[in-house]
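Participant: got a structure for you, letters missing:
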């Protein structure tokens with residue numbers, strides 16, 4: 001269905017286009033800074049977040065109160081909530097990004113042609129990146145600092161649920177840039193929660209926006225992908241699977257599945273469907289189910305799963321296509337690896353899928369044939385995270401095939417140009 005966006009207001013258009021032009025100027029300045037300068041800015045941002053903790057947590061408390069009054073789900077509340085530990089984790093994450101190698105100016109490849117031309121492929125910033133996200137305030141920081149590390153400028157548009165928290169975090173980051181005499185407009189937060197602002201960003205802000213990264217639910221991402229006039233890096237949803245193969249170690253199967261589902265149910269790397277081979281399901285599925293049930297997980301199963309677990313709810317076709325982001329797991333008993341691969345080909349969103357097995361051939365086949373951005377062997381799908389990949393943080397998990405795939409960190413927010421050096425060559 002085509003989504004029709006209301007005509008934008010002229011006043012808001014001027015505001016948004018102004019942000020775009022300031023971001024363009026800031027991106028040029030950021031790209032010309034040295035790597036130590038960008039590192040210094042990031043270290044200052046981490047310190048500023050810690051110093052502003054009382055204001056940030058107070059703002060988050062207001063957002064949480066409003067969210068509860070609106071009746072947001074437990075998963076959404078978990079995504080929104082900050083406490084001292086989580087805020088310290090955000091600040092520490094900024095320091096991790098600061099410690100990463102600076103991706104700008106890297107020589108990606110170099111060769112000499114027979115005519116003597118010396119050709120180098122060099123990493124450069126993308127430019128101005130628009131990030132549109134929903135209730136997770138940590139994205140305000142993750143997106144901002146990853147853009148800075150990669151020499152880009154960021155225009156951030158968060159959701160209404162996290163507006164106060166995002167503003168407090170953005171104020172801390174911009175204050176740090178000002179104190180360090182860096183381009184303050186390298187990080188800008190859209191002040192309004194008016195949905196028209198998204199429409200302006202999708203239109204490209206008078207040609208100043210180079211790429212958009214949506215991070216949120218299906219309706220947001222589908223709108224961005226349908227309407228954007230600039231390139232998009234994004235994913236529709238994290239419909240992740242864990243497959244217990246016939247050669248799975250039972251202890252690993254229980255521990256990995258429990259973690260993959262229940263560590264944090266509201267993250268996009270949470271397993272939503274468990275597949276298990278019929279040959280081991282009678283003995284192993286009850287063990288896995290007991291661990292999940294004890295942790296508070298609701299189980300829904302196909303006919304064969306319910307023959308083993310008689311008290312679980314029946315799974316419908318909708319369950320195989322649902323990203324719950326909650327303590328709910330769908331279970332399907334499959335014949336074998338080929339049957340599991342067929343299920344994934346039908347239902348996986350291409351985000352993250354895992355196999356648990358001690359059979360290396362089966363693992364290699366799974367990795368080779370599952371067409372997802374992240375494929376794991378004997379590890380939890382909850383590792384689908386930029387920090388766990390060593391990227392420090394991430395803007396999101398890209399499931400497309402153009403430009404970036406998997407966790408989008410600083411390195412993925414660069415493009416390249418060719419530097420060609422000659423000695424007077426002319427083309428015959």
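Facilitator: Here it is on my side, so go on. Since this is a predicted model, take the numbers as computed values, not measurements.

Participant: And the chain, what are its domain boundaries?
Facilitator: For the chain, automatic domain parsing gives the domain ranges 10-235+396-420, 240-383.

Participant: Low-confidence regions, the stretch 251-400 of the chain specifically.
Facilitator: Residue ranges of the stretch 251-400 of the chain with pLDDT under 70: none are present.

Participant: Okay, strands next: where are they in it?
Facilitator: Assigned by DSSP state E, counting those that start in this stretch, the stretch 251-400 of the chain shows strands spanning 271-277, 298-301, 313-314, 328-334, 352-356, 374-377, 397-398.

Participant: who's in contact with residue 359?
Facilitator: For residue 359, the contacting residues are 245, 246, 247, by CB atoms under 8 Å, 6 or more residues apart in numbering. C-beta coordinates here come from the backbone N, C-alpha and C atoms, glycine included.

Participant: Now render the domains of the chain as a markdown table, adding distance to residue 389.
Facilitator: Listed next are these as a markdown table, based on distance: least, CB to CB, whole Å:
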| stretch | distance to residue 389 |
| --- | --- |
| domain 10-235+396-420 | 5 |
| domain 240-383 | 8 |
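
Participant: Out of the ones you listed, flag the one nearest residue 427.
Facilitator: domain 10-235+396-420 (8.7 Å; CB to CB).

Participant: Now find how far off-centre stretch 37-44 is within its chain.
Facilitator: Offset of stretch 37-44 from its chain centre (CA atoms, centre = their mean, to the nearest Å): 23 Å.

Participant: hang on, the earlier thing: top of the contacts of residue 359 by neighbour count?
Facilitator: For the contacts of residue 359, the largest neighbour count, defined by other CB atoms under 10 Å, is 24 neighbours, found at residue 245.

Participant: got the residue ranges for the helices in the stretch 1-150 of the chain?
Facilitator: 10-32, 35-51, 53-69, 74-80, 84-99, 138-149 (DSSP state H, counting those that start in this stretch).

Participant: Contacts for the second one next, please.
Facilitator: Meaning helix 35-51. 30, 56, 87-88, 90-92, 94-95, 97-98, 102, 104-105, 141, 144-145, 148-149, 151, 169, 172-173, 175-177, 179-180, 182.

Participant: Need the nearest residue in space to residue 246, chain neighbours excluded.
Facilitator: residue 277 (4.1 Å; CB to CB, 6 or more residues apart in numbering).

Participant: Identify the bridge partners of the closest residue to residue 225 other than its chain neighbours.
Facilitator: In space, and not counting its chain neighbours, residue 225 is closest to residue 232: 5.6 Å by CB to CB, 6+ apart. Listed by DSSP bridges, the beta-bridge partners for residue 232 are residue 212.

Participant: what's near enough to touch residue 232?
Facilitator: Counted by CB under 8 Å, 6+ apart, residue 232 has contacts 211, 212, 213, 214, 224, 225, 400.

Participant: Test my guess that the third one contacts residue 126.
Facilitator: No. Under the contact definition of CB atoms under 8 Å, residue 213 does not touch residue 126, with a separation of 10.2 Å.

Participant: Comparing these two, which shows the higher neighbour count?
Facilitator: residue 213 (25 against 21).

Participant: so how far is residue 89 from the more buried one?
Facilitator: From residue 213 across to residue 89, the span is 21 Å (CB to CB, to the nearest Å).

Participant: quick one on the thing from earlier: now the contacts of helix 35-51: which count as buried?
Facilitator: 30, 56, 87, 90-91, 94, 97-98, 102, 104, 141, 144-145, 148-149, 151, 169, 172-173, 175-177, 180, 182 (16 or more other CB atoms under 10 Å).

Participant: thought residue 254 was touching residue 291?
Facilitator: Yes. Using CB under 8 Å, residue 254 is in contact with residue 291, at 5.2 Å.

Participant: Please identify the buried residues of stretch 238-253?
Facilitator: In stretch 238-253, counting by 16+ other CB under 10 Å, buried: 238, 239, 240, 241, 242, 243, 244, 245, 246, 247, 248, 253.

Participant: List the ones among those residues that fall in strands.
Facilitator: Counting by DSSP state E, the part of those found in strands is 240, 241, 242, 243, 244.

Participant: nearest residue to the fourth one other than its sequence neighbours?
Facilitator: If you skip the residues right next to it in sequence, residue 243 has residue 275 as its closest partner in space, 4.3 Å away by CB to CB, 6+ apart.

Participant: okay, now the one you found: neighbour count?
Facilitator: Count around residue 275 with other CB under 10 Å applied: 25.

Participant: ok, what's across the strand from it?
Facilitator: Here residue 275, judged by DSSP bridges, has bridge partners residue 243, residue 332.

Participant: Roughly how far does it sit from residue 397?
Facilitator: Distance, residue 275 to residue 397, by CB to CB: 21 Å.

Participant: picking up where we left off before, so the residue nearest to residue 225 versus residue 62, what's the distance?
Facilitator: 32 Å.

Participant: What segments of the stretch 101-250 of the chain are strands?
Facilitator: Under DSSP E, counting those that start in this stretch, the stretch 101-250 of the chain gives strands at 107-112, 118-125, 128-133, 153-157, 187-189, 211-215, 240-244.

Participant: of those strands, which approaches residue 390 most closely?
Facilitator: That would be strand 118-125 among the strands of the stretch 101-250 of the chain, by CB to CB, at 17.5 Å.

Participant: Now do that closest one, average pLDDT.
Facilitator: For strand 118-125, the mean per-residue pLDDT is 97.

Participant: residues in contact with it?
Facilitator: 27, 30-31, 103-113, 150-152, 411, 413-422.

Participant: If we use 7 Å, what do you get?
Facilitator: 27, 31, 103-113, 150-152, 414-421 (CB atoms under 7 Å, 6 or more residues apart in numbering).
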